[in-house]
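In: A predicted structure for the sequence below; I have some questions about it.
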Amino acid sequence: MTQRAIPELLSKLSIYPVLVDIGAAGSPPDVWKDIAKCSIYMGFDPDLRELHELPGSQFHKSLIINEAVTSQEGEEVSFYFTKWPYCSSTLKPDLDSLSNYLFCNLFEVESKRTVKSTTLNTAIDRFSLPCIDWLKLDTQGTDLRIFKSLRPETRGRVLALDIEPGLIDAYIGEDLFVDAHRELMEMGFWLSSLQIGGAARMRRTSLDRLREVDSVVNEEFVEKRVRKSPGWVGARYLRDLDYMVDSDLGRREYTLLWTFALLDDQPGYALDAAFTYQDVFTCDETAKSMMELAIKMLKYPQRRSIISRAKSIIPIRVRRRIRRFKSQVRI
């Protein structure tokens, strides 16, 4: 249903969602696929090792920028390129803390170089973006500070936010989930989904000593048998409707919040948004379409959404590692 009906409604209303992907290595989030052809996409990543070009027809407009996004103005920033590209960051890995986990070798710094950098505010001005509707932040430790660095008028119009903050000290001075969650709730968001990722709590030095005694016990053996300890989360936030009303946001914002709720498999909240739209504005054709589509998804959930829920149990970083392993690059 969402594959056709939602893009058709957005096109009819001449609404082009602005999707910004910070930490764009790999590919754009799957959740954006249904609205890609009517969306404006902008991705940022300074580590090109896992950066893939976007198919020309995937988005209405798209651009990938080989720059780091920071919270402070500056044309350049120091960047730590780690053994595992998805662990690279503007923050230095906290190897003392990470040494307690089996995957600590992924964070080994192969080089520290100065790279081009920008802030989101500067990028918005440079590329004449009207706003940011859905922001995905996967910056390895700086998600919260980058979001807070947005100008208030831009930050206040972000309707959906994806972040991957840590639960452990993987980077020196990083923004942890406990801090990000508290502040985002205060900013008028609510937590729509949360996936917990983790790693085996075992020192590599212990593994090395163990292998001297029993050569059968290698890293793969341990990974299969040791329960993962929580290390980070993939969190998605949507705007609260009370915030929408208090902020006097318009029809476009309500329609997009409804859209994002359906894409996130939240038909109940999509109905909340549709009825609030009707209360704030009027029961026009858009409101009727919003209600009808949300009711259909509530009554007849898509098979694909069920599969997506199953996939969502596996956090983004873990899925990336699986893809990498399948490409025969040993972790």
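Out: Yep, that arrived. Quick caveat, the model's predicted, so the values are computed rather than measured.
In: Identify the residues contacting Asp208.
Out: By CB atoms under 8 Å, 6 or more residues apart in numbering, the contact set of Asp208 is empty. C-beta here means a position set from N, CA and C on the backbone, and glycine is covered the same way.
In: thought Thr119 was touching Thr70?
Out: Yes: in terms of CB atoms under 8 Å, Thr119 counts as a neighbour of Thr70; the distance is 6.2 Å.
In: Those two: who's more crowded?
Out: Ranked by neighbour count (other CB atoms under 10 Å), Thr119 and Thr70 place Thr70 first, with 21 against 18.
In: residue contacts, that one?
Out: Per CB under 8 Å, 6+ apart, neighbours of Thr70: Val77, Thr90, Ser117, Thr118, Thr119, Thr142, Ile146, Ser149.
In: Kindly recompute the last result at 10 Å.
Out: By CB atoms under 10 Å, 6 or more residues apart in numbering, the contact set of Thr70 is 76-77, 79, 90, 117-120, 122, 139, 142, 145-146, 149.
In: try Lys228
Out: Counting by CB under 10 Å, 6+ apart, Lys228 has contacts Tyr101, Leu102, Phe103, Ile196, Gly197, Gly198, Ala199, Ala200, Arg201, Val318.
In: Tally up the residues packed near the fourth one, please.
Out: Going back to what we said before, that points to Ile196. 16.
In: and it, which of the three is it?
Out: Of the three states, Ile196 takes strand under DSSP: H, G, I helix; E, B strand; the rest coil.
In: these two touch, right, it and Pro165?
Out: No: using CB atoms under 10 Å, Ile196 is not in contact with Pro165, being 11.6 Å away.
In: Are there residues contacting both of these two? Which ones?
Out: Common neighbours of Ile196 and Pro165 (CB under 10 Å, 6+ apart) are Phe177, Trp232, Val233, Gly234, Ala235.
In: Can I get the buried part of the residues you listed as one ChimeraX selection?
Out: Those of the shared contacts of Ile196 and Pro165 that count as buried under 16 or more other CB atoms under 10 Å are selected in ChimeraX with:
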select :177,232,233,234,235
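In: Next step: the shared contacts of Ile196 and Pro165 restricted to helices.
Out: Phe177 (DSSP state H).
In: Return the member of the shared contacts of Ile196 and Pro165 nearest to Pro301.
Out: Nearest to Pro301 among these: Gly234, at 21.8 Å, using CB to CB.
In: tell me which residues form a beta bridge with that closest one?
Out: Gln195 (DSSP bridges).
In: returning to that earlier point: the contacts of Lys228: which two are farthest apart?
Out: Leu102 and Ile196 (17.1 Å).
In: picking that back up, report the buried members of the contacts of Lys228.
Out: Tyr101, Leu102, Phe103, Ile196, Gly197, Gly198, Ala199, Ala200, Val318.
In: CSV for these, including pLDDT?
Out: Formatted as CSV, the buried ones among the contacts of Lys228 follow (pLDDT from 0 to 100):
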residue, pLDDT
Tyr101, 95
Leu102, 93
Phe103, 93
Ile196, 95
Gly197, 94
Gly198, 94
Ala199, 94
Ala200, 93
Val318, 52
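In: What's the local residue count around Leu10?
Out: Neighbour number of Leu10 under other CB under 10 Å is 20.
In: Also Leu191?
Out: 13.
In: Just to be sure, it is in a helix?
Out: No: counting by three-state DSSP, Leu191 falls outside a helix, being strand.
In: any idea how far stretch 13-30 is from the chain center?
Out: 10 Å (CA atoms, centre = their mean, to the nearest Å).
In: Stretch 242-262 now?
Out: 20 Å.
In: From one end of it to the other, what's the distance?
Out: 19 Å (CA to CA, to the nearest Å).
In: Would you mark the buried spots in that stretch?
Out: So stretch 242-262, judged by 16+ other CB under 10 Å, has buried residues 244, 249, 251-262.
In: want to try TSV for these, with secondary structure and pLDDT as columns?
Out: Compiled in TSV, these are given as follows (DSSP: H, G, I helix; E, B strand; the rest coil; pLDDT from 0 to 100):
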residue	secondary structure	pLDDT
Met244	helix	98
Leu249	coil	97
Arg251	helix	97
Arg252	helix	97
Glu253	helix	98
Tyr254	helix	98
Thr255	helix	98
Leu256	helix	98
Leu257	helix	98
Trp258	helix	97
Thr259	helix	97
Phe260	helix	98
Ala261	helix	97
Leu262	helix	96
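In: Kindly indicate which of those lies nearest Ile40.
Out: For these, the nearest to Ile40 is Leu256 (12.4 Å; CB to CB).
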